[in-house]
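K.L.:
this is the structure alone, sequence omitted:
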């Protein structure tokens, strides 16, 4: 019997605020994309709040993806 598949997500939104490459709405878009996922199954990395643990750095993205793969393993 096949149960409901576990859905996991890692969302990255970068507005690049204060730079000449600044974008508008990327963080808002990433938050809207949470629909259909349980809050505990979503990790959001953004440059919006300045907390080091959630900044979308290369190291944080790699860590979040590694965590997702570990959680998805049977």
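P.N.:
Done, it's in. Quick caveat: nothing in here was measured; it's all calculated off a predicted structure.

K.L.:
the helices in this structure, which residues?
P.N.:
Here the chain has its helices, by DSSP state H, at 26-32, 58-72.

K.L.:
contact partners of the last one?
P.N.:
Translated: helix 58-72. 6, 8, 9, 10, 12, 43, 45, 53, 54 (Cβ atoms under 8 Å, 6 or more residues apart in numbering). C-beta: built from backbone N, CA, C; applies to glycine.

K.L.:
hang on, isn't the second one packed against residue 39?
P.N.:
No - applying Cβ atoms under 8 Å as the test, residue 8 and residue 39 come out as separate, 11.9 Å apart.

K.L.:
who has more neighbours, the two?
P.N.:
Taking neighbours as other Cβ atoms under 10 Å, residue 8 and residue 39 compare with residue 8 leading, 16 against 6.

K.L.:
report the separation between the spatially most central residue of the chain and residue 66.
P.N.:
Central residue of the chain (Cα atoms, centre = their mean): residue 11, 2.4 Å from the mean position. Using Cβ to Cβ, to the nearest Å, residue 11 is found at 16 Å from residue 66.

K.L.:
over to residue 22?
P.N.:
In terms of Cβ to Cβ, residue 22 sits 30 Å off from residue 66.

K.L.:
now do residue 23
P.N.:
For residue 23 relative to residue 66 (Cβ to Cβ), the value is 27 Å.
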